[in-house]
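# Based on what follows, work out the 3D shape:
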Amino acid sequence: MSVPAGCLVACLLLTAVAAVFDTRTGHIPNWLTVPPMVLGPLVWLAYGGLWRSDRGSLGGSLLSMFLCAAVPLLLFRQRAIGAGDVKLFAAVGALLLVDTGISAVFFSFCAGSLFAMARLAWEGKLLRTLGNTFFLAINPVLPKKSRRALSHTDMTWMRFALAIFVGTFVAALSNNHAYGLL
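Numbers count the residues shown, from 1 in each chain. Presented below is the predicted three-dimensional model:
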């Protein structure tokens with residue numbers, strides 16, 4: 001198995017185990033997310049050197065780790081996702097590099113959106129939540145008298161690692177040409 005394929009398999013296993021932990025406990029342990037953030041760049045250093053544009057490298061892995069964690073970090077600062085999710089996205093970036101890593105982030109948020117809508121529909125809260133989302137988006141441009149007050153009790157928290165696993169799996173399927181799997 002080549003290094004890129006090994007990184008892909010390791011990332012899929014990492015996100016699957018994280019999904020199990022998150023689903024059961026609501027927590028993604030550091031012992032699961034931190035080692036790939038250290039080992040991923042080291043593996044890519046051994047495979048491609050410090051910086052190469054034609055294949056993976058240490059620089060590419062570090063850049064990908066930063067880019068894959070950037071938006072989740074902003075969401076964490078707004079208390080929209082947990083710190084474990086941010087670290088898991090960083091680990092995915094360290095292992096998969098920019099192309100597949102950013103795809104994994106995108107597909108993870110798509111999966112998370114679908115999971116959230118399904119959950120809200122199941123609980124009978126989908127239409128009210130969509131209405132709140134609409135006002136959350138347009139409130140800043142409305143005159144003060146027309147703004148709708150939204151309470152934090154209307155917000156719903158969900159565990160996100162399963163969506164990260166699904167997004168990583170879909171990204172792996174869509175970008176598997178980069179790993180020589182087809």
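
# Trp31 is in contact with Val17, correct?
No - under the criterion of CB atoms under 8 Å, Val17 lies out of contact with Trp31, with a separation of 10.7 Å. For the C-beta atoms, the positions are set from N, CA and C on the backbone; glycine is no exception.

# of the two, who's got more company?
A count of neighbours by other CB atoms under 10 Å puts Val17 above the other of Val17 and Trp31, at 15 against 7.

# now the nearest residue to Gly48 once chain neighbours are set aside: how far from Val34?
Distance criterion CB to CB, 6 or more residues apart in numbering; nearest residue to Gly48, sequence neighbours excluded, is Ser57 at 3.8 Å. Here Ser57 is placed at a distance of 21 Å from Val34 (CB to CB, to the nearest Å).

# related to what we said a few turns ago, roughly how far apart are the residue nearest to Gly48 and Ala111?
From Ser57 to Ala111 the distance is 29 Å (CB to CB).

# Let me know the distance separating the residue of the chain most remote from its centre from Phe135.
Largest separation from the mean C-alpha position in the chain: Lys145, at 37.6 Å (CA atoms, centre = their mean). When distance is defined by CB to CB, Lys145 is 14 Å away from Phe135.

# Next: Ser64.
If you measure Ser64 against Phe135 using CB to CB, the figure is 36 Å.

# cool, Phe21 as well?
In this structure, Phe21 lies at 35 Å from Phe135, with CB to CB as the measure.

# on that earlier part again, compare Ser64 and Phe135 and say which is more crowded by neighbours.
Here Ser64 and Phe135 are set side by side on neighbour count (other CB under 10 Å), and the busier one is Ser64, at 26 against 14.

# Quick one: classify that one as helix, strand or coil.
Of the three states, Ser64 takes helix under DSSP: H, G, I helix; E, B strand; the rest coil.

# Hmm, it is touching Phe89, no?
No - Ser64 is beyond contact range of Phe89, at 10.4 Å (criterion: CB under 8 Å).
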